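>>> Here you go, sequence then predicted model.
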Amino acid sequence: MTPIQQLLKASSIHPEWEQPLGNALQSVESRYLQNLLSHPQWLPGSHQLFSAFRRDLSGCRYILFGESPYPRRESANGIAFYDAAVNQIWSDAGLSKAVNRATSLRNIMKTMLLAEGLLQPDKDGKITQAAIAQLDKQGLIQTIEELFSTLQQRGLLLFNATPVLHPARKPQQEARFWSDFVESLLQQIASHAETLPTLLLWGKIAQQITQLESAKAYPGLISEHPYNLSFIQNPAMQALFADLKILKKQPTD
């Protein structure tokens with residue numbers, strides 16, 4: 001079994017991704033992939049490297065590119081922006097402590113609250129913990145697992161452009177092993193998907209993907225990184241989350 005076959009099998013990807021993902025991985029050095037299998041101290045580990053691809057390709061409406069995995073084993077799980085160490089979204093004080101400490105996740109939650117009309121900014125333009133605490137959350141999703149499951153149900157694939165965080169190399173160094181992969185992956189998706197998904201490019205690093213030749217055919221939504229407060233009021237992100245309707249539990253959820 002080749003390193004590519006071993007890694008795809010370990011991640012238990014959806015059958016629709018086997019050919020396009022396998023073809024894209026041909027652009028990654030075989031020796032590098034074999035080294036990942038032989039020295040498993042990197043994150044998120046071989047069993048979660050491609051866990052973003054456990055969802056189908058045919059229902060994929062958006063591809064959200066993150067930067068690299070969380071630097072904590074309990075947090076990194078192969079799905080961009082998904083901190084696996086976080087459980088509950090809400091608390092009596094508003095957002096849970098874990099969510100409130102995670103700047104990007106906190107701002108994404110506030111963007112969704114605004115987009116779905118659940119809250120309005122105060123006179124200073126802020127979404128406060130006190131306002132979130134007063135919100136009736138009975139009909140809302142309750143956990144991070146539910147949040148990301150719903151995102152995937154709405155058609156998002158969330159993948160880090162540099163999917164490996166290696167203890168011996170900085171993310172910028174690791175990225176060079178995966179740059180051709182992203183280009184090839186977009187080519188493969190274009191040849192297999194009936195409709196091209198929209199690329200969600202949050203922040204300067206993700207926006208570099210627009211320079212790839214294969215990305216030019218794709219529709220895209222570009223914004224600042226959700227680490228920035230301005231993300232919350234970004235009109236494009238407001239429109240996106242208003243359409244997706246993530247937070248309110250739906251009858252089919």
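Thanks, I have it.

>>> Quick check: pLDDT value at the closest residue to residue 23 other than its chain neighbours.
Closest residue to residue 23 apart from its sequence neighbours, by CB to CB, 6 or more residues apart in numbering: residue 188 at 5.2 Å. C-beta here means a position set from N, CA and C on the backbone, and glycine is covered the same way. With respect to pLDDT, residue 188 has a value of 98.

>>> Could you do residue 253 as well?
For residue 253, the pLDDT comes out at 49.

>>> which stretches of the chain form helices?
Ranges of helices in the chain, per DSSP state H, are 3-11, 18-25, 30-38, 97-101, 103-115, 129-133, 144-153, 171-175, 179-192, 204-207, 235-244.

>>> Mind telling me which of these the model trusts least?
Minimum mean pLDDT among the helices of the chain: helix 204-207, a mean of 88.

>>> List the buried residues for that helix?
205-207 (16 or more other CB atoms under 10 Å).

>>> about what we covered before: with respect to residue 122, which of the helices of the chain lies nearest?
Nearest to residue 122 among the helices of the chain is helix 129-133 (6.7 Å), distances taken as CB to CB.

>>> Could you list every helix and strand in contact with that closest one?
Helices and strands touching helix 129-133, as assessed by 3 or more CB pairs under 8 Å, 6 or more residues apart in numbering; DSSP states H and E, comprise strand 94-95.

>>> let's see it at 10 Å
Contact here means 3 or more CB pairs under 10 Å, 6 or more residues apart in numbering; DSSP states H and E; on that basis helix 129-133 packs against strand 90-91, strand 94-95, helix 103-115.

>>> Mean neighbour count and distance to residue 160 added to the ones you listed, as a markdown table?
Formatted as a markdown table, the helices and strands packed on helix 129-133 follow (neighbours: other CB atoms under 10 Å; distance: least, CB to CB, whole Å):
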| stretch | mean neighbour count | distance to residue 160 |
| --- | --- | --- |
| strand 90-91 | 17 | 27 |
| strand 94-95 | 22 | 24 |
| helix 103-115 | 21 | 13 |
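
>>> Any chance of JSON lines for the ones you listed, columns distance to residue 200?
Below are the helices and strands packed on helix 129-133 laid out as JSON lines (distance: least, CB to CB, whole Å):
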{"stretch": "strand 90-91", "distance to residue 200": "25"}
{"stretch": "strand 94-95", "distance to residue 200": "22"}
{"stretch": "helix 103-115", "distance to residue 200": "11"}
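
>>> Of these, which is nearest residue 64?
Of all the helices and strands packed on helix 129-133, helix 103-115 sits nearest to residue 64, with 10.6 Å by CB to CB.
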